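J.: Pasting the sequence and the predicted model now:
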Amino acid sequence: MDYTDLYIDGAWHKTAERFDVINPATEEVIASVASADIADADRALDAAEKAMADWAARTPRQRSEVLRRAWELMTARLDHFAHLITLENGKAGTDAKGEATYAAEFFRWFAEEAVRADGMITHAPASGARILVQHKPAGLAVLITPWNYPAAMGTRKIAPALAAGCAVIIKPASETPLTMLALMPLLEEAGVPPGLVNVLPSRKTGALVDHMLHDPRVRVVSFTGSTGVGRKLLKSAADQVLKPAMELGGNAPVVVLEDADMDTAIEGTMLAKMRNLGEACTAANRIYVHENIAEAFTRRLTERMSALKVGDGSDPSVDVGPLVNADTRDKVAAFVADAVAKGARIECGGTVPEGKGFYYPPTVLSNVSEDADCVQDEIFGPVAAIQTFRDQEEVIHRANNTEYGLVAYVFSGDFKRALQVCERLDYGMVGLNRGLVSDPAAPFGGTKQSGLGREGGHEGMLEFMETQYISASW
Ligand code: NAP
């Protein structure tokens, strides 16, 4: 493996302490990666502070061109990044290529946004003063990313931060640090100056991040991961009143109304469930199907799920790779056992295979009870849990009955009715007759305990900017 050390100030740094990265398909060690400590964090903060002074002073167009070049370079090397993603995360080739493409698109989108940090000038209604509003880079940003999208969850933060004029320090997930490290030479080639983007893998995660969040130069903490860790970071961020961007857990409901087009509903549910083999905050977690169409829906979904080929993601004929680690696989198996104990029927899958690799087969459960753990918590695996409903009001209530509010999916042939249901769902995003909402051009994020702030869209860059208002007379 080429890049396994810390990346600080545009240079690679070895450390005495290192940790192993495992290929989830074979359980073999694929790399030994440097583990950052507090002194490394201080070096990265110094480098970021120095780099940001120059970067923030560049014109938006200059920043935009570096980001555009990053998109071009990454797009030319999608296979390379997809290969790395599969190696350390396990996901199948199609998912990995999809992620690499999505990750690269954030550079293109924010290259376009970098030159559109609109301000405003207006007359104060009473005083006669002018109100001038502009957005300025917020300051150094600490970015913490999860293992389920080793490239995209990083670029979704790096690209807007750089577009805004900020320098960043990234703490990638310990399961999957290699993709982010491999992105650094590409960013150098694109023209990112030393110190502007620093990467600190670490096994001392809590202490390292906490230290950075208490450095007065840091102004933004942008986190994607579990709601539990997000809560801890919000508490730490409170000490310096940092600007938080929190992309946390989900518990996405899929609502299939009686008038849904069956092909569209099956296609959309497959995508919402099986993109990234269910290891996504946006993954369909609870599937509510109208009782009059539930039997046909379950049969067709089971046919599709059973036809998927499970295996090592580096084999191009494979649809579903292994889960990221043994804990994740065991958690999925426990969800299925709990649902079955509470009355669910296994339509397909449901058994952990023998042998190496953290595999779990695509599984369909029907007759899942409302109190099953998989209805209350994120499954984060390839298990489709189907429940039925009779009444629209009832299903809206059940869909909203969770602490999460990231994304919901609605399938209906009646657009007016579907939009009425969408508006009643307390979610930051809704897929209407679609199983995919993620798009660099759209504001991604959740309500309630799914997070704070939005990534992508026009909003994404504002997460890394402060609004300044000047009251002026002339
Ligand atoms: P996680 O356990 O919360 O870890 C995410 C990141 O936080 C990792 O880099 C981890 O580092 C770090 N971390 C762990 N403990 C920390 C602490 N005390 N202080 C600071 N950082 C800490 O989540 P995960 O298991 O990797 O990812 C799955 C979760 O992410 C799911 O809940 C999923 O829904 C959510 N997710 C949300 C979105 C979204 O956009 N809303 C997108 C993707 C995933 P180590 O690896 O070193 O422990």
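T.: Right, received. Where do you want to start?

J.: Give me the three-state assignment for Y469.
T.: Y469 falls in the strand class when you classify it by DSSP: H, G, I helix; E, B strand; the rest coil.

J.: Quick check: it touching A129?
T.: No: using C-beta atoms under 8 Å, Y469 makes no contact with A129, being 10.7 Å away. (Glycine included, C-beta is placed from N, CA and C.)

J.: Please say which of these two ends up with more neighbours.
T.: Using other C-beta atoms under 10 Å as the criterion, Y469 and A129 rank with A129 on top: 15 against 11.

J.: Not counting sequence-adjacent ones, nearest residue to the more buried one?
T.: Once flanking residues are discounted, A129 sits nearest to S471: 4.9 Å by C-beta to C-beta, 6 or more residues apart in numbering.

J.: Which positions in the stretch 151-300 of the chain make contact with the ligand?
T.: By C-beta under 6 Å from any ligand atom, the part of the stretch 151-300 of the chain that sits against the ligand consists of 153, 171, 173-174, 205-206, 209, 224-226, 229, 232-233, 247-250, 281.

J.: Please indicate which of the residues you listed are buried?
T.: Buried members of those, scored by 16 or more other C-beta atoms under 10 Å, are 153, 171, 173-174, 205, 209, 224-225, 229, 233, 247-250, 281.

J.: Filter those down to just the ones in helices.
T.: M153, T205, V209, V229, L233 (DSSP state H).

J.: Now for the third one: which residues touch it?
T.: With contact taken as C-beta atoms under 8 Å, 6 or more residues apart in numbering, V209 is in contact with V142, I144, K171, L233, S236.

J.: Could you do the last one as well?
T.: With C-beta under 8 Å, 6+ apart as the criterion, the residues that contact L233 are I144, V209, L213, V221, F223, P244, M246.

J.: and what of the second one?
T.: T205 makes contact with K171, S174, according to C-beta under 8 Å, 6+ apart.

J.: Pipe the ones in helices among the buried ones among the residues of the stretch 151-300 of the chain next to the ligand into TSV and attach pLDDT per row.
T.: Below are these laid out as TSV (pLDDT from 0 to 100):
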residue	pLDDT
M153	98
T205	97
V209	98
V229	98
L233	98
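
J.: Identify, from those, the entry nearest to D439.
T.: M153 (14.9 Å; C-beta to C-beta).

J.: Give me the nearest residue to the closest one, chain neighbours excluded.
T.: Using C-beta to C-beta, 6+ apart, the nearest residue to M153 is T145, at 4.3 Å.

J.: how near is that neighbour to V199?
T.: 10 Å (C-beta to C-beta, to the nearest Å).

J.: cool, N285 as well?
T.: For N285, the distance to V199 - C-beta to C-beta - is 31 Å.

J.: same thing with A16?
T.: 18 Å.

J.: More neighbours: the two, which one.
T.: Ranked by neighbour count (other C-beta under 10 Å), A16 and V199 place V199 first, with 28 against 7.

J.: So the residue nearest to that one when sequence neighbours are not counted: helix, strand or coil?
T.: Closest residue to V199 apart from its sequence neighbours, by C-beta to C-beta, 6+ apart: Y7 at 4.2 Å. The local conformation at Y7, judged by three-state DSSP, is strand.

J.: Next, the contact list for Y7, please.
T.: H13, L181, M184, V197, N198, V199, L200.

J.: Would you show me how to pick out the buried ones of those in ChimeraX?
T.: Here is the ChimeraX command that selects the buried residues among the contacts of Y7 (16+ other C-beta under 10 Å):
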select :181,184,197,198,199,200
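
J.: just checking, which of the contacts of Y7 belong to strands?
T.: Using DSSP state E, the subset of the contacts of Y7 located in strands is H13, V197, N198, V199.

J.: ok, the last one to the ligand distance?
T.: Relative to the ligand, V199 is positioned 12 Å away (C-beta to the nearest ligand atom, to the nearest Å).

J.: What residues are bridge-paired with that residue?
T.: Y7, I170 (DSSP bridges).

J.: How many residues are close by the residue lying closest to T94 once chain neighbours are set aside?
T.: Once flanking residues are discounted, T94 sits nearest to D319: 7.3 Å by C-beta to C-beta, 6+ apart. Residues lying near D319 (other C-beta under 10 Å) number 18.

J.: What of I386?
T.: By the criterion of other C-beta under 10 Å, I386 has 24 neighbours.

J.: Can I get whichever strand or helix holds it in PDB, CA atoms only?
T.: Taking DSSP states H and E as the definition, I386 sits inside strand 383-389. Provided in PDB are the C-alpha atoms of strand 383-389 (Å, rounded to 0.1, in the frame of the first residue of the first chain):
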ATOM      1  CA  VAL A 383     -32.100  -7.000   5.500                       C
ATOM      2  CA  ALA A 384     -35.400  -5.700   4.200                       C
ATOM      3  CA  ALA A 385     -38.000  -5.700   7.000                       C
ATOM      4  CA  ILE A 386     -41.500  -5.500   5.700                       C
ATOM      5  CA  GLN A 387     -44.600  -4.500   7.700                       C
ATOM      6  CA  THR A 388     -48.100  -3.800   6.400                       C
ATOM      7  CA  PHE A 389     -50.600  -0.900   7.000                       C
END
